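> pasting the sequence and the predicted model now:
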Amino acid sequence: MNDSPWATEPVPAGPAYDALVGPHTRPMPIVPDAAGRDFDDREARDRGAAGFGGPPFRAETPPQEPMPSPPPPQAPQAASAPPPKKRAGRDLRAAIGVGVGLGAVIFASLLIVKAVFVGVVVVAVVVGLWELTSRLQEKKGIKAPLVPLAVGGAAMIIAGYVRGAEGAWVAMALTALAILVWRMTEPPEDYLKDVTAGVFAAFYVPFLATFVTMLLTADDGPQRVITFLLLTVVSDTGAYAVGWRFGKTKLAPRISPGKTREGLLGAMAFAMAAGALCMEFLIDGGAWWQGLLLGLAVAVSATLGDLGESMIKRDLGIKDMGTLLPGHGGIMDRLDSLLPTAPVVWLLLAAFVGTG
């Protein structure tokens, strides 16, 4: 008997069987395989159809994908917090206090004796030169000679007050020569770099500051200096106030990310209004429309001066030139917008009402 599970009882073949069940349902003959074993070729056929010896026509149940795990319960969303309020980058109380103190010193010196104000300018210039040369040496290894710069800078301020523009130019030339000679006492390495920085510092700080003392030489000199200082401060204040409240479009993001075009417009508006008032009530022979032009020029020059020093500080990798003035930084951080504005105000006032 065949051991295959698909084997059946032997049924005699014949016409009667064929008529009963049909010729196609007759059991397949059992034949021996090559090894002599009985092998049901029907089972072999069924196994070949099922594959790998499985039962014929096996119901394949497709693998079911695992049920996705339910998402973890989410915490209830907190109410959206209001955007943080804008904050000033410096200590406003300290900045205002120092500003008021500096203003008192300047106004007192202007009202007492003009020479006292010249001394105040000399001190500010020397301290500014010390801050600038110190930062250059610390951050870049540039040794701009401070001694000839300080002596020459003071000489420039005094010469500008006594001899005017001609005296300032002569003192500037002599200061540059002194820088070249002074640096010769040290090794020649980096000579060109050091003297170039020294001449730049002499022009940037004391030479531009001579125009402030040249403003003072006129009959209404104190009023001209007050106009110059007031317009610069008002321009900076207008830029800060409008930029802090409405500023959205960056003016020069790679140089000074905090400055905006809206702030520049605010500086222009504030400075033009202050300029019209100053020319009308402070300057002898001035007119309000001249003040509008003067204020516009001051806003532009003060902004460019601020951006110029920002370029220097970014190159040096510092935020402030010094720490002498709480809330402000160093002296150079207060002179940045004043220095380039001084020659602009001197030139326009000379054109509008003369130098006398």
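Ah, there it is.

> mind checking the SS state of Pro257?
The assignment at Pro257 comes out as strand when based on DSSP: H, G, I helix; E, B strand; the rest coil.

> check contacts around the closest residue to it other than its chain neighbours.
Distance criterion Cβ to Cβ, 6 or more residues apart in numbering; nearest residue to Pro257, sequence neighbours excluded, is Lys250 at 6.5 Å. Just so you know, the C-beta spots here come from the backbone N, C-alpha and C atoms, and that holds for glycine as well. Taking Cβ atoms under 8 Å, 6 or more residues apart in numbering as the definition of contact, the neighbours of Lys250 are 257, 259-261.

> need those residues in TSV (columns: distance to Asp220).
Output for these, formatted as TSV (distance: Cβ to Cβ, whole Å):
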residue	distance to Asp220
Pro257	40
Lys259	33
Thr260	36
Arg261	35
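
> which of those lies closest to Ala239?
Of all these, the one with the least separation from Ala239 (Cβ to Cβ) is Lys259, at 7.3 Å.

> any idea which helix or strand carries the closest residue in space to that closest one that isn't next to it in sequence?
In space, and not counting its chain neighbours, Lys259 is closest to Leu251: 4.3 Å by Cβ to Cβ, 6+ apart. Leu251 is part of strand 250-252, with elements assigned from DSSP states H and E.

> direction included, what does that strand pair against?
If you go by DSSP bridges, strand 250-252 pairs up with strand 256-260 (antiparallel).

> can I get the partner strand as CSV, trimmed to CA atoms?
Listed in CSV are the C-alpha atoms of strand 256-260, where the atom choice follows Å, rounded to 0.1, in the frame of the first residue of the first chain:
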residue,chain,number,x,y,z
SER,A,256,25.8,97.6,11.9
PRO,A,257,22.8,95.3,12.2
GLY,A,258,21.0,97.6,14.6
LYS,A,259,20.6,100.5,12.1
THR,A,260,17.6,100.7,9.9
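
> show me what it is in contact with.
89, 239, 243, 247-252, 303, 306-307, 310.

> in the stretch 1-150 of the chain, where is pLDDT below threshold?
Low-confidence segments of the stretch 1-150 of the chain, defined by pLDDT under 70, span residues 1-92, 94-95.

> at 80 what do you get?
When residues are selected by pLDDT under 80, those of the stretch 1-150 of the chain lie in 1-99.

> same check, this time on the stretch 251-356 of the chain
Applying pLDDT under 80 to the stretch 251-356 of the chain flags the ranges 325-328, 356.

> show me the helices in it, by range?
Taking DSSP state H, counting those that start in this stretch to define them, one finds helices in the stretch 251-356 of the chain at 261-281, 288-316, 331-335, 338-353.

> okay, these in TSV with distance to Leu229 and mean neighbour count next?
Formatted as TSV, the entries for those read as follows, by distance: least, Cβ to Cβ, whole Å; neighbours: other Cβ atoms under 10 Å:
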stretch	distance to Leu229	mean neighbour count
helix 261-281	10	22
helix 288-316	10	20
helix 331-335	11	23
helix 338-353	8	20
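
> could I get those in TSV, plus columns for distance to Ser134?
Rendered in TSV, the data for the helices of the stretch 251-356 of the chain read as follows (distance: least, Cβ to Cβ, whole Å):
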stretch	distance to Ser134
helix 261-281	30
helix 288-316	11
helix 331-335	10
helix 338-353	18
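
> can you tell which of those helices is closest to Pro148?
When the helices of the stretch 251-356 of the chain are ranked by distance to Pro148, counting by Cβ to Cβ, first place goes to helix 331-335 at 18.8 Å.

> let me know the angle separating the helix or strand containing Thr133 from helix 338-353.
Element membership for Thr133 (DSSP H and E) is helix 114-140. Taking axes from the mean of the first three to the mean of the last three Cα atoms, to 10 degrees, one finds that helix 114-140 is oriented at 140 degrees with respect to helix 338-353.

> and helix 114-140, what's buried?
Residues of helix 114-140 classed as buried under the neighbour-count rule (16 or more other Cβ atoms under 10 Å) are 114, 117-118, 120-122, 124-133, 135-136.
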